[in-house]
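S.K.: sequence unknown, structure follows:
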């Protein structure tokens with residue numbers, strides 16, 4: 001590609017990215033999240049993947065300044081088993097440069113050798129899905145729940161909201177930032193992160209994660225949320241009408257080595 005064409009392409013991508021985010025400047029730096037889902041074949045052993053994540057990937061990310069990496073598995077999978085990995089980044093550049101930095105990390109290459117050099121006859125996974133998310137202004141950085149800090153038994157709900165248009169998708173983000181996240185905190189739903197999907201499948205959509213010490217406690221918190229006067233008022237506001245077309249939800253539990 002000629003330099004002139006490359007510059008035109010880069011400017012076009014930058015312009016598109018600016019349209020996909022809220023117009024107002026954030027009060028605090030908003031993180032980026034990589035959500036990776038390792039799809040496993042039915043009945044497959046994921047010991048090789050676990051060993052890589054625990055002994056190679058997470059320690060390497062921690063050395064690079066990523067202090068909180070979450071690894072989860074679905075509690076009641078309806079499809080083939082999958083491992084969910086959530087990695088927070090301070091900047092977009094840190095996401096883009098990750099691969100090169102890992103390839104230059106001898107400790108990572110040594111610890112992850114079995115996984116990185118696995119043969120065709122013994123793959124560690126079937127496929128990997130990956131999304132890049134940008135944190136909402138209303139919760140610009142990942143919030144570690146108290147049950148994670150104290151290493152208590154805990155569950156997480158991962159929720160994804162698709163929208164039929166990019167304009168409506170942004171309006172739903174406004175709804176969260178303008179009060180819905182505050183209500184969630186108030187009733188104990190303990191948000192972990194909220195992210196607008198920038199890259200990946202099934203756009204436009206947003207994804208967020210809630211936490212609790214049990215499914216029962218989580219249900220109680222959601223019941224209180226549904227009865228909250230602020231939520232009732234917002235849910236009836238015409239400006240937020242038809243902002244969500246589909247909702248997907250999964251209940252997850254952390255692996256023994258998860259940092260969330």
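M.R.: Noted; the coordinates are in hand. No experiment lies behind these values; they were computed from the predicted model shown.

S.K.: most centrally placed residue in this protein?
M.R.: residue 35 (4.4 Å; CA atoms, centre = their mean).

S.K.: List the residues that contact the closest residue to that residue other than its chain neighbours.
M.R.: Leaving aside its sequence neighbours, residue 35 sits nearest to residue 131 (CB to CB, 6 or more residues apart in numbering; 4.7 Å). To be clear about C-beta, it is placed using only N, CA and C from the backbone, and glycine gets the same treatment. By CB atoms under 8 Å, 6 or more residues apart in numbering, the contact set of residue 131 is 34-35, 197, 199-201, 207.

S.K.: go with 10 Å
M.R.: 33-37, 160, 195, 197-203, 205, 207 (CB atoms under 10 Å, 6 or more residues apart in numbering).

S.K.: Keep only those of the residues you listed that are in helices.
M.R.: Applying DSSP state H to the contacts of residue 131, no entry is found in helices.

S.K.: Please pick the buried ones from these.
M.R.: Buried residues within the contacts of residue 131, counting neighbours by 16 or more other CB atoms under 10 Å: 33-37, 160, 195, 197-198, 205, 207.

S.K.: just to revisit the earlier point, isn't the residue nearest to the centre of the chain up against residue 70?
M.R.: Yes. Taking CB atoms under 10 Å as the definition, residue 35 is a contact partner of residue 70 at 9.4 Å.

S.K.: coming back round to it: and the residue nearest to the centre of the chain, what is it in contact with?
M.R.: Per CB under 10 Å, 6+ apart, neighbours of residue 35: 70, 84-87, 129-133, 158, 160, 193, 195, 197, 200, 207, 209.

S.K.: Could you tell me which ranges of the stretch 1-150 of the chain sit under the pLDDT cut-off?
M.R.: Counting by pLDDT under 70, the stretch 1-150 of the chain contains low-confidence ranges at 1-27.

S.K.: all helices of it, in order?
M.R.: 3-19, 47-52, 58-63, 92-96, 98-103, 106-111, 113-116, 146-149 (DSSP state H, counting those that start in this stretch).

S.K.: Ends of stretch 79-97, what's the gap?
M.R.: One end of stretch 79-97 to the other measures 33 Å (CA to CA, to the nearest Å).

S.K.: Any buried residues in that stretch, and which?
M.R.: In stretch 79-97, residues buried by neighbour count (16+ other CB under 10 Å) are 81-89, 94-95.

S.K.: ok, now which ones touch residue 258?
M.R.: 53-54, 58, 68-73, 84-86, 148, 154, 156, 252.

S.K.: for the residue nearest to the centre of the chain, which residues make a bridge with it?
M.R.: residue 86, residue 131 (DSSP bridges).

S.K.: if we can go back for a sec, name the nearest of the contacts of residue 131 relative to residue 138.
M.R.: Using CB to CB, residue 195 comes nearest to residue 138 of these, at 11.6 Å.

S.K.: Please verify my assumption that residue 74 contacts residue 157.
M.R.: No. Between residue 74 and residue 157 there is no contact under CB under 10 Å: 11.1 Å.
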